[in-house]
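**Student:** Quick one, what's the 3D model for this:
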Amino acid sequence: MSEQETIDRTINGRSQGNYSNRKGRKKEWKDLTVDPLSEGSDSHQAEYVTGKAPMTWALLEVGQLFSRSKSGKNLHCKLNHGRAICLDTRQAIEVKPSIRNSLQVWVVTNFNSTSASKPDY
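**Tutor:** The predicted model follows:
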């Protein structure tokens, strides 16, 4: 086998083709809805405290708890760079790449799950 044939052969059963001409559906990001629990009641049995100043979405770590509102009446958990889940409504939210560096959230700074009478998270 010549050197050129070695370079051109497939690697692990896959060809070394140009994938830039692939056709497929592009990701369509949904706008974030207004949080219905931002001013409503807090349904959590556990006690938690949010920070006094907001931080941007991009600075949150995966798995970190946060609130989307200053009132702290909702609780979310960041799943990855573009998604989070609301622990109150159990609905996922998606954060568009265009707003990830500007979306302000309030981080949960203190969480006391021992005060919960039943697990709700």
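**Student:** Tell me where the protein has helices.
**Tutor:** Secondary structure of the chain, counting by DSSP state H: helices at 3-8.
**Student:** Go through the chain and flag its longest strand.
**Tutor:** strand 104-112 (DSSP state E).
**Student:** Other residues contacting that strand?
**Tutor:** 46-51, 54-57, 60, 64-70, 72, 75-76 (CB atoms under 8 Å, 6 or more residues apart in numbering). Heads up, the C-betas are built off the backbone N, CA and C, glycines and all.
**Student:** Give the partner strands of that strand in its sheet and their orientations.
**Tutor:** With DSSP bridges as the test, strand 104-112 is paired with strand 47-50 (antiparallel), strand 55-56 (antiparallel), strand 65-67 (antiparallel).
**Student:** Now that strand: buried residues?
**Tutor:** Using 16 or more other CB atoms under 10 Å as the test for burial, strand 104-112 gives Val105, Trp106, Val107, Val108.
**Student:** and what of stretch 60-69?
**Tutor:** By neighbour count with 16+ other CB under 10 Å, stretch 60-69 contains the buried residues Leu60, Leu65, Phe66, Ser67, Arg68, Ser69.
**Student:** got these as a markdown table, with distance to Arg83 and pLDDT columns?
**Tutor:** Shown next, in a markdown table, are those (distance: CB to CB, whole Å; pLDDT from 0 to 100):
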| residue | distance to Arg83 | pLDDT |
| --- | --- | --- |
| Leu60 | 12 | 92 |
| Leu65 | 15 | 89 |
| Phe66 | 13 | 91 |
| Ser67 | 16 | 89 |
| Arg68 | 13 | 87 |
| Ser69 | 19 | 85 |
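**Student:** can you redo the strands paired with strand 104-112 as JSON lines with distance to Thr89?
**Tutor:** JSON lines is the format used below for those (distance: least, CB to CB, whole Å):
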{"stretch": "strand 47-50", "distance to Thr89": "17"}
{"stretch": "strand 55-56", "distance to Thr89": "23"}
{"stretch": "strand 65-67", "distance to Thr89": "13"}
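**Student:** Before I go, just wanted to say thanks for your time.
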